[in-house]
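Visitor: got a predicted model here, sequence first, then my questions.
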Amino acid sequence: MKKLSLLLVAFAAMVFTSCETDDIEIVGGGTQNDFILSGNLIENTTLTAGNPYVLNGPLFVKSGTTLTIEAGTTITAQAGGTSVYLLVETGGKIIANGTAASPIKFTSTQQTPAAWGGIILNGKALISGQAATGNEAGTEVNASLLFGGSDDADSSGSMQYVIIEYTGARIDGEAEHNGLTLNGVGSGTTLSNIWIANGDDDGIEFFGGSVNASNIFVLNAKDDMFDFTQGYRGTCTNLYGIRENGYNAVTSDPRGIEADGNLDGNSPTDLNQSVFTINGLTIRHEANTVDFSDLIKVRRGATATITNALASTSGTATASDFVDLEDSKGDSTAATSIDVTAGGTADGTDLKNAPGATITVTASNTGADTSAFSWTGYVF
């Protein structure tokens, strides 16, 4: 095993600079050729393709620091549940730009959902709260690590052509890791061509912020495929979510889209609640023994504009609601507008609308463009 402190040792195949030895904690295991990653990253670092990286604990990219990951690099998380994850703190950056031919991959030594935590980006963009600007909140996995602020143009870096799999370790009964968690992430961040597979909670969740995202593919999420909350105000383009037949792991209320204006509906008077757009969306629920709560759910003060959506069920897979804009903690706003086609066996008449909101069920939407995901090799 090579005990790699990320910053202590220079190898010809990698770019590292020196730091104090106690900045990084190196923990157990691995083969002789593994590079073990964990601890606090305090100087700019590049991980190069071809080296066997093992994430063996929490890795924190600190403020002012950039972690660069070359195209074709694989990072394997040691199965360890909630204690193994990558977190880019506010002021830190990740540059993980793969290519269609050489994507970057985050996987695990144990190829099952919840084998490790996931990836978290913390930014300085607006989140919902009682103040017009500057609201902050604690990260679910570590409440002392704050996110949010007043810089909607903040950048947490770039992630393109990235695979994230076997994530979602549960922290407790109320909190859990997602495949990709975006906390107050600003519009200066690039998120495009990301495949999130076989996670034990949400595929991707936006907690406030203004980051835009495109070509996001979620395969087999135990809970929600795409989750928006706490004042998210960006645009997502070409989202595709599938629950395959046979993927029966399920929470009490799985959904294709779940959107709240404020966090958990507990702050209905918050300013800057979620106002977001999705252009091009496909939700496919094919697990014959699983009942979705809703294919699309927008509630609790959220405003969604969704165009060219296609939501389907097949076989004996069911959904309690096709589109639901109502909730005991508050409906969606009247400005919500959803244009959707019912595919397969989905019941396009099973609608719960909020006063003034618009749900248009049409017959001809095509949904997300699958050609954008050809690089994954998945057969749609």
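Guide: Cool, the structure landed. Numbers count the residues shown, from 1 in each chain.

Visitor: part of a helix, is residue 264?
Guide: Yes: secondary structure of residue 264 (DSSP: H, G, I helix; E, B strand; the rest coil): part of a helix.

Visitor: neighbours around it, how many?
Guide: If you count neighbours by other CB atoms under 10 Å, residue 264 ends up with 11. For glycine as for every other residue, the C-beta is placed from the backbone atoms N, C-alpha and C.

Visitor: also residue 350?
Guide: By the measure other CB under 10 Å, the count of residues near residue 350 is 15.

Visitor: I figured it hits residue 322, correct?
Guide: Yes: counting by CB atoms under 8 Å, residue 350 sits close enough to residue 322 to count as a contact (4.3 Å).

Visitor: tell me the phi and psi of residue 373?
Guide: Phi and psi for residue 373, reported as degrees, to the nearest 10, are phi -110, psi 10.

Visitor: ok, it - contacts?
Guide: Listed by CB atoms under 8 Å, 6 or more residues apart in numbering, the contact set of residue 373 reads 195, 215, 217, 240, 380.

Visitor: hmm, 6 Å instead?
Guide: Contacts for residue 373 (CB atoms under 6 Å, 6 or more residues apart in numbering) come out as residue 217.

Visitor: shift numbering so it begins at 347
Guide: All right, first residue 347 from here; so that's residue 719.

Visitor: what is the distance between stretch 487-496 and the centre of its chain?
Guide: Between the centre of stretch 487-496 and the centre of its host chain there is 17 Å, according to CA atoms, centre = their mean, to the nearest Å.

Visitor: list the buried ones in that stretch?
Guide: Buried residues in stretch 487-496, defined by neighbour count with 16 or more other CB atoms under 10 Å: 487, 491-495.

Visitor: among the residues you listed, which one lies nearest to residue 509?
Guide: residue 487 (21.5 Å; CB to CB).

Visitor: okay, and the beta partners of the nearest residue to residue 423 once chain neighbours are set aside?
Guide: Distances taken as CB to CB, 6 or more residues apart in numbering put residue 462 closest to residue 423, at 3.7 Å, once the chain neighbours are dropped. Residues in a beta bridge with residue 462, per DSSP bridges, are residue 427.

Visitor: turn the buried residues of stretch 487-496 into JSON lines, including pLDDT, distance to residue 554 and secondary structure.
Guide: Written out in JSON lines, the entries for the buried residues of stretch 487-496 read as follows (pLDDT from 0 to 100; distance: CB to CB, whole Å; DSSP: H, G, I helix; E, B strand; the rest coil):
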{"residue": "487", "pLDDT": "89", "distance to residue 554": "17", "secondary structure": "coil"}
{"residue": "491", "pLDDT": "98", "distance to residue 554": "15", "secondary structure": "strand"}
{"residue": "492", "pLDDT": "99", "distance to residue 554": "12", "secondary structure": "strand"}
{"residue": "493", "pLDDT": "99", "distance to residue 554": "8", "secondary structure": "strand"}
{"residue": "494", "pLDDT": "99", "distance to residue 554": "6", "secondary structure": "strand"}
{"residue": "495", "pLDDT": "98", "distance to residue 554": "10", "secondary structure": "coil"}
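
Visitor: quick check, nearest of these to residue 676?
Guide: Within the set of the buried residues of stretch 487-496, residue 494 lies nearest residue 676; the separation is 21.5 Å, counting by CB to CB.

Visitor: quick one on the thing from earlier: what about the residue nearest to residue 423, how many neighbours?
Guide: The criterion is other CB under 10 Å. On that basis, residue 462 has 29 neighbouring residues.

Visitor: for the one 10 residues further on, same thing?
Guide: Residue crowding around residue 472 was assessed by other CB under 10 Å; the count is 28.

Visitor: return the distance of it relative to residue 484.
Guide: Separation of residue 472 from residue 484 (CB to CB, to the nearest Å): 16 Å.

Visitor: show me what contacts the closest residue to residue 430 other than its chain neighbours?
Guide: The shortest distance from residue 430 to any non-neighbouring residue, by CB to CB, 6+ apart, is to residue 462 (4.2 Å). Shown here is residue 462, whose contacts under the criterion CB under 6 Å, 6+ apart are 423, 430, 454.

Visitor: residues near the nearest residue to residue 604 once chain neighbours are set aside, how many?
Guide: The shortest distance from residue 604 to any residue other than its chain neighbours is 4.4 Å, reached at residue 570 (CB to CB, 6+ apart). For residue 570, the count of nearby residues is 27 (other CB under 10 Å).

Visitor: over to residue 570: give its phi and psi.
Guide: Backbone torsions for residue 570, taken as degrees, to the nearest 10, come to phi -90, psi 140.

Visitor: just to check, it is in contact with residue 549?
Guide: No: counting by CB atoms under 6 Å, residue 570 stays clear of residue 549, with 7.3 Å between them.

Visitor: so what touches stretch 436-446?
Guide: Surrounding stretch 436-446, the residues in contact under the criterion CB under 6 Å, 6+ apart are 407-415, 417, 434, 450, 468, 470, 493, 502-508, 721.

Visitor: circling back to that earlier point, so which of the contacts of residue 462 wins on neighbours?
Guide: Among the contacts of residue 462, residue 423 has the most neighbours (other CB under 10 Å), with 29 neighbours.
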